[in-house]
Each structure stands twice: as structure tokens, then as C-alpha cells.
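Student: Any chance you could fold what I've pasted below:
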Amino acid sequence: MLRTSIAGLISKDDLDPPNPDQLSSSSANLIAYAQGSSLIVFDPIARRTLWKQPRPALFTVWNDLLIVSDVNGLVTAYRSRDRGRVWSVQGLDQSGSRYTPRILQMVGDTLVFTGRATVDDLFTYTTSGNDPKNGANIWRNDTWLARRQFTVSQNRFLIFSPDFQSPPMVEPAANILDSKTGRFSTSANVLNRSWDANEHVVLDFPKRPGLTDHPVRDSFTVRVSVHSTSGNSVQTLGTYDFTPPTNCLERLLILPAVGGRNYTQIGPAVLFLSANKDHVWLEVYNDCNRRIVRIPRSNPTQPVALEFPETLTAQQRAKLYKEGKITSPSPVNRFTAQQRTDWLGESGGLARVRAASDSGDLLWSAQTSSRIYAFYRNKELRAFDTSGATLLGRSLIALPDAALRGVQALGEFNLMRGRVFSWQYNVTAIASDFYYFVVPF
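Tutor: Next up is the predicted model:
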């Protein structure tokens, strides 16, 4: 195990701190991390440091390449084994405003690079997508962003933190960058991708529900349509009212105390779950059960609901959620493998693995071309064959107990290319610990 930390690498008074992934990064069988004023390139298979150098402005890794940027926006890729230079490009236009490098990160197979200039006390950014094999530019745009803190979804979309009101009254607008096309969106609907990623589902609420501390019927009335990602076609399925009985009108998401009181987030209570060429699956939150709705695209006027009765009261769930004993304050009843296959569209093997344990015990799971990997709350990493029936190996990972709360698994796409499994524990907004393991099977 290799543990790295960004504690102390970001000043506490930095109002625009870098994304933690820019201070520690792994890809396939390569790890690079900042330690003080040094950048260390580490081979986890051979368990040795390949080399170290003065820490650049930004860095990331892709396969066996280390990619760095200096303060002037010069981006250079080096071979990890011998530090031989592979390519070098000027990522920022130096002829106009003075830009400072702010983001350099691999997202899928695109290298995303951003520079910032300050105009009238606001930040303006220029962002580009590049081919990591040769540095060639794929797209470039200018946009406005509030900060450079972001998360990555589906190994493709960068989701930038919106401004959140306190107390919450309206849902904040999204800022989502598609790393493949360079397009920005202010709607989270672009994340609702079908299995083949050729379509996305738009959930539109005719009367937009706000974020309040009481139930709102508008949260359950939704218009559903399916859009091609190219924008050439739209299938409108219809408008549906999924309002549960009055005693079930809750969507209990506990927010931090504001002004001495706790707020529950109601807002939209119908969420996208999955879609393919035949069906759209939605999840309807309420206090009585977990409801999964399947809408047949060939006959959208006949949706079918699958109900999972809840055994805990809202108060019991809220208490367990605050104590960290469950991961969601909403109903989280277990699906059988058959239900996961029929209703959620999962592969038979992945469905079998995910159905074998309670949702709170399984922290992370993913399927590669040859195996299924699963990581559990008891800190055990397991590998199964693609049918999910045969256990190929199990290993106990030496993580501290605290790292299992508020965590983010980073290993899914690494395992598809190599043997490094990554785990990130966010202590605070400016302090994260990274744990790297070599999968033994």
C-alpha cells in the first residue's frame, strides 16, 4: 500500500484550491504524487521510485506517461521509465490576457487543460481538450466558472461545484463539461445516458419544485423525453404523476444545520436510473418504499412500478444516517439478482454480486472485460469471474476506519487498464488522503 496526502500542500486561505486529483494521480501501473516541493513518480508493481523532480504547476498521469504543466502553460509529456520527452505543446494563448494554469487532468481518453484570467474580480477560463498520445488539440472554448473544484462522472463529464444557497430555497444550476466535445451544460440531464451512450433522458418538472423543508407534490410530476446525443431526434414519452399516498410524501435528505435548525431536502423526487432502446427506468423517492418505475418506450402510457416496502421509519433512517451506519437516508432495500437483471439492466454477473450483500456493505463494484471487482465495508476486495458465480480471490485492505466514510473509489478505470486500485478519503476541502494498492489477483 502507498498512502499519499495533500495536507499542507494547499494554503488554508486559498479561496480557489486545486482539485485534489491534481496533487496525486494514478493510471494503469503508474503513480505520481506531490510531497512538499517535489514530484515523485512511483512504480507500484516494482515498489520503487522511478525518479523525482521539482514539483510543477500541475501534473497528471496517463498509462505510462507523466504529463506536467509549468506556470506559463507549457504542457509536456514524459515517459515514466526514463523521463524521456514524448511531446510538448503550448496549452495557453500568451498573446492576449495572462492566464494561469488551473486544471490539468485526464478524463476518459481526453487531457483537459484550463487556464484562468481575472477580469473585474471575476474568473474567466479558457479550456481545451487534447489527445494525450501526441498533445494535439481536439477542442477549445472560453467560459465562466466559479471555481476549479469538480468531480468526474462516467469517466467523461466534469461537474463543477455550483453556488449553494444557505438555507437552500432553489436547486443550484449545474456546470457540466463534456470532455469529449468541450460543450458545457447547465442541466444535469446530460448525465442521464442510455447504456450505449447514444441517447440521454430529460426529466422536466412542469412546475419546478424548490428545495424546502416540507413535502411538495410538484416533486413527483415529471415530463419524460429521450434525446439523441447528436440532437437529431427526440422521443417524448409523456407526463407522469408518481405522487405517493399523503403519509408517504417525504424525500428525507438531511442537510447540515443552518441557523440552528436542520433542513430536509425535498426538491425533485423522481430521479433517472437507467435507459436502453426498450425502456426507461426511474426511481421515485418517498417515505413508504423504494419505488422503481419502468416506462416501455414502445407503449409509454403503461408504466409499471416495482415497490420495495421500507421497514424503518424516517426517524430511524435519519438517526442511522447521521451515525454513519447507512449510506442513504432514503429507502435502500435490496434487489434480487433477477430484479437487477430484469429491472436495472445489469449484466447477470454484476447483478449476482451486487445482490449478494446489503447496499450499505458494498462500497464499490465494477465489471471489466474479464472480471468483476467488489470492495466491501469490512475492507475486503474481491474478484469474481464475469458470471459472478466464482470467487477468484479476496484480499483485506489496510484502510483506517475513518477512510470508509465520505469516500470516493477511484479504482474503477485504473483496474480496466492495470493493477492499481485507488481510494480517496476527503478529510476536508483542502486535505485528502490517497491510498494505492496493487491488486494481487
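Student: OK, contacts around Gln235?
Tutor: Ser225, Val226, Arg297 (Cβ atoms under 8 Å, 6 or more residues apart in numbering). From N, CA and C alone the C-beta is placed, and that goes for glycine too.
Student: So which residues of the protein form helices?
Tutor: 314-322, 337-343, 348-355, 412-417 (DSSP state H).
Student: Which of the contacts of Gln235 are buried, as a PyMOL select command?
Tutor: In PyMOL, this line selects whichever of the contacts of Gln235 come out buried by 16 or more other Cβ atoms under 10 Å:
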select buried, resi 225+226
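Student: In strands, which of the contacts of Gln235 fall?
Tutor: Here DSSP state E is the test, and the contacts of Gln235 give Ser225, Val226 as lying in strands.
Student: okay, the contacts of Gln235 in TSV with distance to Ala431 and pLDDT next?
Tutor: Below are the contacts of Gln235 laid out as TSV (distance: Cβ to Cβ, whole Å; pLDDT from 0 to 100):
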residue	distance to Ala431	pLDDT
Ser225	43	96
Val226	42	96
Arg297	46	95
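Student: still on that earlier bit, ok, which of the helices of the chain comes nearest Asp142?
Tutor: Evaluated over these, closeness to Asp142 peaks at helix 412-417, with 28.8 Å, by Cβ to Cβ.
Student: Give me the average confidence score over that closest one.
Tutor: Mean pLDDT, computed over helix 412-417, is 66.
Student: Can you tell me the closest non-neighbouring residue to Glu346?
Tutor: Leaving aside its sequence neighbours, Glu346 sits nearest to Arg340 (Cβ to Cβ, 6 or more residues apart in numbering; 4.7 Å).
Student: Report pLDDT for the one you found.
Tutor: Confidence score, pLDDT, at Arg340: 83.
Student: Report the buried residues of stretch 152-160.
Tutor: By neighbour count on 16+ other Cβ under 10 Å, the buried set for stretch 152-160 is Val152, Arg156, Phe157, Leu158, Ile159, Phe160.
Student: Let me know the closest of those residues to Asp196.
Tutor: Of all the buried residues of stretch 152-160, Arg156 has the smallest distance to Asp196: 13.7 Å, by Cβ to Cβ.
Student: my guess is that closest one contacts Ser179, does it?
Tutor: Yes. Counting by Cβ atoms under 8 Å, Ser179 is a contact partner of Arg156 at 5.6 Å.
Student: Give me the common contacts of these two.
Tutor: Jointly contacting Arg156 and Ser179 under the rule Cβ under 8 Å, 6+ apart are Val107, Gly108.
Student: which ones are touching the residue most central in space within the chain?
Tutor: Residue closest to the mean C-alpha point of the chain, counted by Cα atoms, centre = their mean, is Ser153 at 3.7 Å. Shown in contact with Ser153 (Cβ under 8 Å, 6+ apart): Ile159, Leu191.
Student: Pull up the gap between Asp361 and Leu381, please.
Tutor: In this view, Asp361 and Leu381 are 13 Å apart by Cβ to Cβ, to the nearest Å.
Student: Show me which of the two is the more surrounded one.
Tutor: Counted by other Cβ atoms under 10 Å, Asp361 and Leu381 do not tie: Leu381 has more neighbours, with 21 against 13.
Student: Tell me who's in contact with that one.
Tutor: Contacts here follow Cβ under 8 Å, 6+ apart; on that basis Leu381 touches Tyr373, Ala374, Phe375, Arg394, Ser395, Leu396, Ile397, Phe421, Phe437, Val439.
Student: could you redo the last one with a cut-off of 7 Å?
Tutor: By Cβ atoms under 7 Å, 6 or more residues apart in numbering, Leu381 lies in contact with Tyr373, Phe375, Ser395, Ile397, Phe421.
Student: what's the burial count for the residue nearest to the second one when sequence neighbours are not counted?
Tutor: Ranked by Cβ to Cβ, 6+ apart and with sequence neighbours excluded, the top spatial neighbour of Phe375 is Trp364, at 4.4 Å. By other Cβ under 10 Å, 17 other residues sit near Trp364.
Student: just checking, Trp364 touches Tyr376?
Tutor: No. Between Trp364 and Tyr376 there is no contact under Cβ atoms under 7 Å: 8.7 Å.
Student: joint contacts of the two?
Tutor: Counting by Cβ under 7 Å, 6+ apart, Trp364 and Tyr376 have no contacts in common.
Student: which one of the contacts of Leu381 sits closest to Asn19?
Tutor: Nearest to Asn19 among these is Phe421, at 20.5 Å by Cβ to Cβ.
Student: Now do Asp109 against Trp62, distance only.
Tutor: As judged by Cβ to Cβ, Asp109 and Trp62 stand 8 Å apart.
Student: how close does Asp278 sit to Trp195?
Tutor: For Asp278, the distance to Trp195 - Cβ to Cβ - is 10 Å.
Student: Tell me which helix or strand in this structure has the weakest average pLDDT.
Tutor: Least confident element among the helices and strands of the chain, by mean pLDDT, DSSP states H and E: strand 254-258 (a mean of 47).
Student: list the contacts for Trp343?
Tutor: The contact partners of Trp343, taken as Cβ under 7 Å, 6+ apart, are Trp281, Ile292, Arg294, Leu306.
Student: repeat for Gly115
Tutor: For Gly115, the contact set (Cβ under 7 Å, 6+ apart) comprises Gly73, Leu92, Tyr99, Thr100, Pro101, Arg102, Tyr125, Thr126.
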